[in-house]
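A.B. asks: quick one, what's the 3D model for this:
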Amino acid sequence: MRVIADFHIHSKYSRATSKDMSLPKIAEYAKLKGLQLIGVGDFTHSLWLHELKRYLRPAEYGIYEYNGVNFILTTEVCNIYSYNGVVKKVHNIIVVPTFEIAEKVNFLLSGYGNLCADGRPILSELTCEEMVSMLLDISEECIIIPAHIWTPHFSLYGSNSGFNSITECFGKNTKYIFSVETGLSSDPKMNWRVKEIDNLRLVSNSDAHSPMNIGRECNVFELERIEYKEIYNVLKTGDKNKFLCTIEFFPEEGKYHYDGHRYCKVRFHPKESIKNNNICPVCKNKLTIGVLHRVEEIASYEEGRIPQSAIPYKSFIPLEEIIAKALCLKKGSAAVTREYTNIVSNIAPELNIFLDMSNEEIYRLLPNRIGEGIINMREGKVKISPGYDGVYGEIDIIFDNNKDIASEKIEQPTLF
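C.D. replies: All right, here's what the predicted structure looks like:
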């Protein structure tokens, strides 16, 4: 059974998150996207935990169900502490199998921060190494995954407050870290340049703060059944017969791929940053060092290396963006949302279209220009303006006919 999973999202109780991130709406969009398993996010928040208990019903061990969608108990925490006189800020994803264990985790972590202040709580002076010990004392089934490991702020390798190695961050408990999250601004081929990542499973998740962003990055498994222990084992072992691939953003579309300074609209490739001593030429302040630069600093290998343990990946542009580009309209506009809903409700979920449909089926079932956009994306016919310093990048699809069709009536699929 193919299982597409997104382990990292946020609830309406996280800062800068849509109020639509309720369980019914999350389940609705999980279906539209084609996800079979999704992390609940934010189980550390008492109000969200109460809602989860009200909505979710046990399915297999460690898996819960609501409205035909499977859920797994997850949260993200922010560890802020002093290490050798330097303040470190690292985000970690925690995965647990049961509400009982989640409550024990919450009781433990409440001693280090106000869990009700944010769905992603700040834990003060709790090191990553100490936290792993405490979580595994509660249950050896807890999974700890360093989140978006290259983001300049709040990550394992972050240029502003991270570490230079996993061992430096997790110490004696490094052996219990068997998976890391690549984040939107990096893809597997960038991570394959770092030697210490070779024996770790690279997972990709959406980190969604709104329903439409659910599943924009995710993981594809082949499982006998959706069950916690099987997921645990797949992430730990990297069995290629069960972990088929990850679905990725084009990393340039992430907010921190290049270096830069958004207030001055300065965007630099790492080579340009080095020429400028990592200083913004406009305001003379320090540039925000992006993921590409940081990978180069830590990399053990040149570009192009593929380790033997590597799990394949596929890079996609979200369907909503393809529709917006095809119609020459803004993402999130009423017409784009209407067309997106029409396609994923009446033809196939988004990820099924990307993964399963042949080019012939796409041209037959989808409006011509949208179909062309999907196929050109598959073939790499794109123009890229990388993201920097919190500004999303732009991935423009090259259409064979670039006329403005915003005012035209879009051709409807033949099955209607």
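A.B. asks: which residues of the stretch 51-200 of the chain fall in helices?
C.D. replies: For the stretch 51-200 of the chain, the helices defined by DSSP state H, counting those that start in this stretch cover 99-109, 128-138, 166-170, 188-191.
A.B. asks: in TSV, list those along with mean neighbour count, mean pLDDT and distance to Gly393.
C.D. replies: In this view, the C-beta of every residue, glycine as well, is placed from N, C-alpha and C. Shown next, in TSV, are the helices of the stretch 51-200 of the chain (neighbours: other Cβ atoms under 10 Å; pLDDT from 0 to 100; distance: least, Cβ to Cβ, whole Å):
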stretch	mean neighbour count	mean pLDDT	distance to Gly393
helix 99-109	17	98	34
helix 128-138	18	98	29
helix 166-170	20	97	27
helix 188-191	20	98	14
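A.B. asks: TSV for the ones you listed, including distance to Asn67?
C.D. replies: Below are the helices of the stretch 51-200 of the chain laid out as TSV (distance: least, Cβ to Cβ, whole Å):
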stretch	distance to Asn67
helix 99-109	19
helix 128-138	30
helix 166-170	37
helix 188-191	32
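A.B. asks: where does the prediction get shaky in the protein?
C.D. replies: For the chain, residues meeting the criterion pLDDT under 70 lie at 401-416.
A.B. asks: how does it divide up, domain by domain?
C.D. replies: By the assignment in automatic domain parsing, the chain contains the domains 2-253, 318-397.
A.B. asks: please produce a markdown table containing these, extended by distance to Ala299.
C.D. replies: Formatted as a markdown table, the domains of the chain follow (distance: least, Cβ to Cβ, whole Å):
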| stretch | distance to Ala299 |
| --- | --- |
| domain 2-253 | 4 |
| domain 318-397 | 18 |
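A.B. asks: out of the ones you listed, which is closest to Ile311?
C.D. replies: domain 2-253 (5.3 Å; Cβ to Cβ).
A.B. asks: quick one: end-to-end length of the closest one, please.
C.D. replies: Criterion Cα to Cα, to the nearest Å; first-to-last residue distance in domain 2-253 is 27 Å.
A.B. asks: equivalent analysis for stretch 231-244, please.
C.D. replies: 13 Å.
A.B. asks: what sits up against that stretch?
C.D. replies: 2, 5, 37, 62, 72, 141, 143, 178-179, 201, 203, 219-223, 230, 309, 311-312 (Cβ atoms under 8 Å, 6 or more residues apart in numbering).
A.B. asks: for Asn278, which of the domains of the chain is the nearest?
C.D. replies: Closest to Asn278 of the domains of the chain is domain 2-253 (Cβ to Cβ; 9.5 Å).
A.B. asks: so what strands line up beside the lengthiest strand in the chain?
C.D. replies: As assigned by DSSP state E, the longest strand anywhere in the chain is strand 69-83. Strand 69-83 pairs in its sheet with strand 37-39 (parallel), strand 64-66 (antiparallel), strand 86-96 (antiparallel), strand 122-124 (parallel), by DSSP bridges.
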